[in-house]
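[1] Fold the following, please.
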Amino acid sequence: MKIHTSINEKEYLDSLNEQQRMAVLECTDPLLVLAGAGSGKTRVITTKIAYLIKDLNCSPRSILAVTFTNKAAAEMKDRVLEIAEGSDDVMVKTFHSFGAWLLRRNSSLLALSDSFTIYDDEDSLTLLHSLFQKYKRVELKPFVKSISKAKDYCLRPDDDLSIISRDPRFPEMYEAYDKKLRAIGNADFGDLISRSVELLKNNPVVRQRIQNRFRAILVDEYQDSNAAQYQLLQQLYGEGSFLCVVGDDDQSIYRFRGAELMNILTFPDKFPHTRVIKLEENYRSAGNILKIAEKVVSNNLGRHGKTLWTKKPDGDKGKLVFFEDQFAEARFCVGLVDSDSNYDGTAILYRTNAQSAAFETVFMRMGIPYKIVGALRFYDREEVKDALAILSLLLNPADEVAFRRIINKPARGIGDVSLDKILKEAGGEYGNCPAGLRNALDQLRGKAKQGAEEFLSWYTEAFGKLEKTDLAELTQAALKDSGIIEYHRQQDQIAKTQKINNLEELVNALSEYPPGRASLSQFLESLELDPTRIGRQDPSDKPGVTLITMHNTKGLEFDRVIITGMEEGLFPGRANETDEDIEEERRIFYVSITRAKHQLYFTACRKRSIWGRSSYQMPSRFLRELPMEYIQIEGTPPFGSGFGSGSTFSPESHFDDNFGFGKQIKLDSPKHTNSRNHAGKDAQSKMPSSTAYAAGDRVYHDQYGAGHITESRIENGRGVVTVWFDTGRSAKFIPKYARLEKIAQD
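    Numbers count the residues shown, from 1 in each chain. Okay, here's the model as predicted:
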């Protein structure tokens, strides 16, 4: 058992600065803590919890702390345990895990299965497609996103959905999807919050019980909350409760996930008598870095406003470096990290995953260790989702999504017609899928009947052992008997992948859990809400330069940060046209800058090839906003004059066509053929050969992720490849035009 130690009261509070101390001691009126980047907000929250327990004698069981990632929740819990003895009963959860906790304890009031599983986007798409089979899956993807967005606003199918989608088909699809999901007894991620709000609104007794339980509610990263999460807080906050939210409006960068900036901007209006305290002392970055960040974000209008400062020295100026193309950009980064071998302390940031290809190519060639953050999650791999579908069906025989995934994998001759017969026999529109399969046996013939009998054999045996057999042993047997292990072993032999190893890792994780439905339900929930808890998903323990998207850097810090691709159409992207869009992109820029502790670089290219197309680039509008007194231009750009080390730089006079980038010109355009052949010759000589593909090659597609080539052939005089992606889908591409990049084998 872990021993928790307390620190003395003087150290406990005197270690805080004045603003942090004020934030800790305010425990009466609603409190909004505007915590700038690197200002020690986690220390404030954890110390505040300790203060509630140690000084105000609050029961640890009455304190609820909510954050947005499982990693942050675990770190917060550990810190609280170190500061406050007896704080084990403080509930520290993510919003979604709190919603799952609340729904499981009141499932009967919502007609939910007590062992419901949680559908991700792919599961939701499968469910919607089962209802509207006349549409292709790709056609239904936007509707799945709209359903998720509607739930983020706590909107039901019979509400006015015009703010979500004006497609006349959407209300019907949402209603059918929601009806079937509820009948099956499972939930999707949006339900974890929206149905929690529904539960508390419609059940005053439950609401009062929960409000009596949690007397102090603290929310971290409040700028990332959505409309449904705000409504949940409204239901949790009662008379005699204390509410504290901590966040930074300048770091609100998840609008695409439903985050609502107005939640933090209007908090003082929504909760009367709110006190606002600003944390502005930064403990992370050198002075010049903060000055750059402050100048950039001050261009936003939608913000409370604060000014970061530090006791640290000003340090080096930021560096602005220009290159001919992305391979020169990557070679520069190689030289930079090789100069001091500070691989672990260096991060290369980019706006889109596709930009990592050049860095991976050059780094591999030069032997520079690197790690990519944000690649395919363990939980999203085809083989893992197959195994989890088996476990989900054992828990809930009515789980049609899980049934559809595994009934014909490996192939059992059960096509769409046979599947419709089976589901019809499942006891009406919704019911027990394996029972429906048994009832439909007399209607099946040949291979389909044999396959159905084999499926029922292993499923019945596994289902009967669920309560008395160790879960690891049960799962291993089910994977073997169902044919899943042999199916993926063959895939490994073809593509030199490690699918069997991933299945073994899943089975090993189950060894921590005792037999029984409740135990299996707990495992599935923990994995569904924290997909990184197993598998090699956190590369932090691997040495090397970090390659990472700007979004994924949230909460991280590095000695040296290189912000790449500072070009119009890339950052900000072409789709970002409204003022609201640009302000969000500027906040992403601000977050990226404030990840740096000592050194900060900005890079841009004159010419870039992405997704199989080359173009001349314009410099990003955000470069105009850099305070040039804190910026140094490095080297001599190959596309203009008057810019070099030590030269005077005037954004107003040089950020135009004379800057040398020129207008964005597609190099693939016939009218620029000669220019392309001349300008691209040197760059192409340095590029790896990526036009020859063979079966087994590992490739990456920006939209579909990683996968392997299963077939390469010539059709109508053009090369065509078939790719099987790790998510389980297959697609054909013409390499000449496709957004495919070769990557290293797993």
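[2] what comes up buried for the helix or strand where residue 475 lies?
    Element membership for residue 475, per DSSP states H and E: helix 471-482. For helix 471-482, the buried set under the neighbour-count rule, 16 or more other CB atoms under 10 Å, comprises 471, 472, 474, 475, 476, 478, 479, 481, 482. No exception for glycine: its C-beta is placed from N, CA and C like everyone else's.
[3] Residue 412: which of those is nearest?
    If you rank the buried residues of helix 471-482 by distance to residue 412 using CB to CB, residue 482 comes first, at 10.1 Å.
[4] And the helices in the stretch 501-650 of the chain?
    Remark: helices assigned in the stretch 501-650 of the chain by DSSP state H, counting those that start in this stretch are 517-529, 579-593.
[5] so where is the stretch 501-650 of the chain shaky, pLDDT-wise?
    531-541, 576, 610-613, 635-650 (pLDDT under 70).
[6] show me where it has strands.
    Using DSSP state E, counting those that start in this stretch, the strands of the stretch 501-650 of the chain run over residues 545-549, 558-563, 596-605, 607-610, 613-616, 631-634.
[7] Mean neighbour count and distance to residue 115 for those - can I get that in TSV?
    Converted to TSV, these look like this (neighbours: other CB atoms under 10 Å; distance: least, CB to CB, whole Å):
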stretch	mean neighbour count	distance to residue 115
strand 545-549	23	36
strand 558-563	24	42
strand 596-605	24	46
strand 607-610	22	45
strand 613-616	19	49
strand 631-634	18	57
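[8] so which of those comes closest to residue 150?
    Using CB to CB, the nearest of the strands of the stretch 501-650 of the chain to residue 150 is strand 545-549, at 26.9 Å.
[9] name the helices or strands packed onto the closest one?
    Judged by 3 or more CB pairs under 8 Å, 6 or more residues apart in numbering; DSSP states H and E, strand 545-549 is in contact with strand 346-350, helix 356-366, strand 370-373.
[10] Please render the ones you listed as a markdown table that adds mean neighbour count, distance to residue 306 and mean pLDDT to the earlier fields.
    Below are the helices and strands packed on strand 545-549 laid out as a markdown table (neighbours: other CB atoms under 10 Å; distance: least, CB to CB, whole Å; pLDDT from 0 to 100):
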| stretch | mean neighbour count | distance to residue 306 | mean pLDDT |
| --- | --- | --- | --- |
| strand 346-350 | 25 | 23 | 97 |
| helix 356-366 | 21 | 33 | 89 |
| strand 370-373 | 19 | 28 | 88 |
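[11] any chance of these in TSV, plus distance to residue 38?
    Formatted as TSV, these follow (distance: least, CB to CB, whole Å):
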stretch	distance to residue 38
strand 346-350	15
helix 356-366	26
strand 370-373	19
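[12] on that earlier part again, average model confidence for the helix holding residue 475?
    Helix 471-482 carries an average pLDDT of 94.
[13] now stretch 162-169
    Per-residue scores along stretch 162-169 average to 94.
[14] Buried ones in it, by neighbour count?
    Buried residues in stretch 162-169 (16+ other CB under 10 Å): 164, 165.
[15] Take it, keep the C-alpha atoms, and write them as PDB.
    The C-alpha coordinates for stretch 162-169 follow below in PDB (Å, rounded to 0.1, in the frame of the first residue of the first chain):
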ATOM      1  CA  SER A 162     -30.600  23.400 -37.800                       C
ATOM      2  CA  ILE A 163     -27.500  24.600 -36.000                       C
ATOM      3  CA  ILE A 164     -26.000  21.100 -36.400                       C
ATOM      4  CA  SER A 165     -27.000  20.200 -39.900                       C
ATOM      5  CA  ARG A 166     -29.500  21.500 -42.500                       C
ATOM      6  CA  ASP A 167     -29.500  18.200 -44.400                       C
ATOM      7  CA  PRO A 168     -33.200  17.100 -44.400                       C
ATOM      8  CA  ARG A 169     -32.100  13.500 -43.900                       C
END
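[16] got a list of contacts for that stretch?
    Residues from elsewhere that reach stretch 162-169 (CB atoms under 8 Å, 6 or more residues apart in numbering): 142, 143, 146, 149, 150, 153, 155, 170.
[17] Ranking by neighbours, what's the top pick from those residues?
    Within the contacts of stretch 162-169, neighbour counts (other CB atoms under 10 Å) peak at residue 150, which reaches 24 neighbours.
[18] quick one: residue 230 and residue 260 touch, right?
    Yes: counting by CB atoms under 8 Å, residue 230 does reach residue 260; the two are 6.9 Å apart.
[19] Check the spacing between residue 254 and residue 34 real quick.
    Here the criterion is CB to CB, to the nearest Å. By it, residue 254 lies 18 Å from residue 34.
[20] er, residue 516 actually
    Where residue 34 is concerned, residue 516 sits at a distance of 47 Å (CB to CB).
[21] Which of the two has more residues huddled nearby?
    Neighbours around residue 516 and residue 34, counted as other CB under 10 Å, are more numerous at residue 34. The numbers are 27 against 14.
[22] For the residue nearest to that one when sequence neighbours are not counted, the count of nearby residues, please.
    Leaving aside its sequence neighbours, residue 34 sits nearest to residue 278 (CB to CB, 6 or more residues apart in numbering; 4.6 Å). Counted with other CB under 10 Å, the neighbours of residue 278 add up to 20.
[23] Ok, residue 624 next?
    13.
[24] quick one, phi/psi of residue 53?
    phi -80, psi -50 (degrees, to the nearest 10).
[25] Could you dump the helices of the stretch 501-650 of the chain into CSV and include mean neighbour count and distance to residue 335?
    Rendered in CSV, the data for these read as follows (neighbours: other CB under 10 Å; distance: least, CB to CB, whole Å):
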stretch, mean neighbour count, distance to residue 335
helix 517-529, 19, 42
helix 579-593, 21, 22
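[26] What residue in the chain is the furthest from its centre?
    residue 442 (46.0 Å; CA atoms, centre = their mean).
[27] Many thanks, we can stop here.
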